[in-house]
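mind folding the following:
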Amino acid sequence: MSAQVTSDHRRTKTAESTQIVSATTDASMMQALLARRAAAKQDQGLAATLQLDDQLEDLGLAADDRLTCYSCQSWADHAHDPFTGRRVSFAPANDEIAVPA
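Residues are numbered from 1 along each chain as shown. Below you'll find the predicted structure:
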């Protein structure tokens, strides 16, 4: 009976260790991918940035934090109408609107 308890305890400890290592690996992988994505955006590399956004989203990055648009495979400088799917550009902020003198 004690051998069974010891074996179960070892399995539990191994599972906990695996989860900790997995979480640490995911966090470090996410940091590395974020750095690569920033470099790809700086270079205006749309294809690389799309791929990195997909990988980051698989690791748990929120869809709102993407730099690219999953729907139309371009830069995320717009939104899509939820009813029609049509692309809608963002309105400029009030301080960016040119007022005639």
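
can you pull out the low-pLDDT segments for the chain?
1-24, 91-101 (pLDDT under 70).

just the strands from it, written as ranges.
Per DSSP state E, the chain carries strands over the ranges 68-69, 74-75, 78-80, 87-89.

direction included, what does the last one pair against?
This points to strand 87-89. strand 78-80 (antiparallel) (DSSP bridges).

correct me, but Asp77 touches Thr68?
No - taking contacts as CB atoms under 8 Å, Asp77 lies outside contact range of Thr68: 9.7 Å. Every C-beta, even on glycine, is put in place using the N, C-alpha and C of the backbone.

compare these two (neighbour count), which wins?
More crowded of Asp77 and Thr68, by other CB atoms under 10 Å: Thr68, with 23 against 11.

ok, now how distant is the more buried one from Leu33?
Per CB to CB, to the nearest Å, Thr68 is found 13 Å from Leu33.

same deal with Phe90?
Note on Phe90: its distance to Leu33, by CB to CB, is 26 Å.

with Ala40 instead?
Distance from Ala40 to Leu33, by CB to CB: 10 Å.

quick one: which of Phe90 and Leu33 has more around it?
Leu33 (18 against 9).

was I right about that one contacting Glu57?
No - Leu33 lies out of contact with Glu57 (CB under 8 Å); the separation is 10.2 Å.
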